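**Q** Here is a sequence together with a model predicted from it:
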Amino acid sequence: MMKRGRGSRGSAKMRAYVYLRLSVDKEDGKAQSIEAQRHAIEAYALRNGIEIVEEFVDSGMSGQSDKRPAFNRMIAQATDGTNPVGIVLLYRLSRMARNMRIFFNALDGLADEGVEVVSITENFGEGRAKRLGQTFTAFVAEQGAVEASIFTAKSRRENARQGFYNGGPVPFGYETYVAKKDGDKERMKLRAVPAEAAVVDQIFDWADMGRGGRWIVKALNTRGTTLRGAKFSNGNLAGILSRITYTGVYYDKTMDDDGNAPDPEDWIAVPCPPIIDQARFDRVNALRASRNPRRNPPHIVAGTTMLTGIAKCGTAGCACAMTIRTGKGGRYSYYVCANRVNKGQTCATPSMRREVLDDLVLDTVEKQLLAPGRLQSLLADVLNLSDQKRVQREQELSHARAEQTRLRTAIERLLILVETGQMGPRDPIFAKRMDENRSALATATVRIDTLETQLAKGSRKITPATISSFGELLSAKLRDDDATLRKDYLRMLVSEVTVSNAQITISGPKAVLENGICNGVPRLMGTVPIFDREWCRLQDSNL
């Protein structure tokens, strides 16, 4: 016979909370839907003269988790000191929890307030026998959940190994379809949705051209393109640009039998239809990394001033950056030594009108770097392969591919640290290492493309026509009407402009030219490491 709880008063009905939970449609091989639980509990309450005060429902939530909103709210209300009820009614004791720690914390907390937990389908007796029965039942429930979790994890891993999708949010650009049926089990795969895939391709194309996130978001929203009905934002755009799934593979990270997240080398690669090629994905993410405000100040990343961040003072003992100052009410802009402006120090480097220095740098790059004769001297040996050079390039290609694999693994390891909560995405160390690895990965990818093209084309030499066409295409990019795009292409060719009282020195990475002559006008990419060979306007810089 059930005792009256603290919620009863004399002959008044006993007051009770009802807790209902279901994590799947079937548990223990028996149908236990929320509606079935509710119907059985209501009938029990009617037979025993119990007044149901409130119902708490957690649907689709595991009993092993303590992050159940309705359950936590019920425990808080039942133990708040106001004695709202004397009973908590459950269909089975396992509905409360499948974790002994959670179960006994809740059971003891309720008991301290005189609230009795009643399972309408189980009889545990009274006194010590009741506690023993509850303990045994809670243990069996937890063990059953552990075994089910192990079985589910094994099934999910095998499902992934066979190339099937294990569920979860479907990335924009894809949809799921039934690829195979095993009895009642439907095995799913991803396939591209042409309309959405075209949007993804356009987004990456814009990003590859150097368009910023805000510009892309505005362009998409202006023309009425939506993210499955929602407007595009900087946040969801960043998610698209960083999603490796678009390269034709995603990684299943189902936990192992001990409930631990697998190491990156144990992730299961699941193929899917590619929307973006790997090289373009790497270029875009390297460019995004190079524009990260933690790496470069926002005014350098987003501004249209041509030489901000790369113009340096060349006076001996100074070597600081040059900043922009205006005159005549903002009608004129000047590049000025930052030390002279900020610290009042004397510096022999003269101030230079912004448009004068910008045009001087552009003209020098066009006339001295992109001129056919100059390009011929810089790139004459790119496709001129002797047997010795072929062996050398094959070895270099092997090393570059190994470095590419190492960097991709390093990036995956950093992401798993964030996913497992060992490191936050805003951690400065994480941001620094991720930026460095992505930039280095883009450089390695570009070098691989160059070497593969060189080896594929054998001993064909660069012709004057090839040189002329290449120079003209780059010159057109440097004179584009879009100031941001023009600035980005110049920065791809020029890494530093040193201004002194005696001369102006312009230098930049040679790897961009080598890759461009093989594969066409180079796409915008991330910062090239400073150890790369550089060109300089003076002939002796490459001797």
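**A** Arrived safely.
**Q** Average pLDDT for stretch 222-240, rounded please.
**A** Here stretch 222-240 scores 91 as its mean pLDDT.
**Q** Could you check how far that stretch is from the centre of its chain?
**A** Put simply, stretch 222-240 sits 16 Å off its chain's centre (CA atoms, centre = their mean, to the nearest Å).
**Q** So for it, what gets flagged as buried?
**A** Counting neighbours by 16 or more other CB atoms under 10 Å, one finds that the buried residues in stretch 222-240 are 225, 227, 232, 237, 240. From N, CA and C alone the C-beta is placed, and that goes for glycine too.
**Q** Can you tell me which of the residues you listed comes closest to residue 353?
**A** For the buried residues of stretch 222-240, the closest approach to residue 353 (CB to CB) belongs to residue 237, at 37.3 Å.
**Q** List the contacts of the closest one.
**A** Neighbouring residues of residue 237 by CB atoms under 8 Å, 6 or more residues apart in numbering: 203, 213, 216-217.
**Q** Next, check these against the helices and list the overlap.
**A** Residues from the contacts of residue 237 lying in helices, with DSSP state H as the criterion: 203, 213, 216-217.
**Q** now those residues as TSV including pLDDT and distance to residue 171?
**A** Conversion of these to TSV gives the following (pLDDT from 0 to 100; distance: CB to CB, whole Å):
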residue	pLDDT	distance to residue 171
203	93	13
213	84	18
216	91	18
217	91	18
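**Q** Would you reformat those residues as a markdown table and include neighbour count and distance to residue 260?
**A** Rendered in a markdown table, the data for the ones in helices among the contacts of residue 237 read as follows (neighbours: other CB atoms under 10 Å; distance: CB to CB, whole Å):
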| residue | neighbour count | distance to residue 260 |
| --- | --- | --- |
| 203 | 26 | 36 |
| 213 | 20 | 36 |
| 216 | 21 | 39 |
| 217 | 18 | 38 |
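**Q** Residue 250: which of these is nearest?
**A** Within the ones in helices among the contacts of residue 237, the smallest distance to residue 250 is 18.1 Å, found for residue 203 (CB to CB).
**Q** roughly how far apart are that closest one and residue 18?
**A** Taking CB to CB, to the nearest Å as the measure, residue 203 falls 49 Å from residue 18.
**Q** now the helices for the stretch 151-300 of the chain?
**A** In the stretch 151-300 of the chain, helices defined by DSSP state H, counting those that start in this stretch lie at 194-209, 213-222, 234-241, 278-290, 298-302, listed in chain order.
**Q** May I have the third one as CSV, with CA atoms only?
**A** This means helix 234-241. Once side chains and other backbone atoms are set aside, the C-alpha atoms of helix 234-241 remain, and they are given as CSV (Å, rounded to 0.1, in the frame of the first residue of the first chain):
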residue,chain,number,x,y,z
ASN,A,234,28.4,36.5,-41.3
GLY,A,235,28.0,33.6,-39.0
ASN,A,236,26.3,31.1,-41.3
LEU,A,237,28.5,32.2,-44.2
ALA,A,238,31.6,31.4,-42.1
GLY,A,239,30.1,28.0,-41.5
ILE,A,240,29.8,27.3,-45.2
LEU,A,241,33.3,28.5,-46.1
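**Q** Could you check the angle it makes with helix 194-209?
**A** 90 degrees (axes from the mean of the first three to the mean of the last three CA atoms, to 10 degrees).
**Q** returning to what we had before: can you add distance to residue 160 and give the ones in helices among the contacts of residue 237 back as a markdown table?
**A** Putting those into a markdown table (distance: CB to CB, whole Å) gives the following:
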| residue | distance to residue 160 |
| --- | --- |
| 203 | 27 |
| 213 | 32 |
| 216 | 32 |
| 217 | 33 |
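**Q** Quick one: low-confidence residue ranges for the stretch 151-300 of the chain.
**A** Scanning the stretch 151-300 of the chain for pLDDT under 70 picks out 151, 257-259, 290-300.
**Q** try it again with 80
**A** 151-156, 183-184, 210, 254-266, 287-300 (pLDDT under 80).
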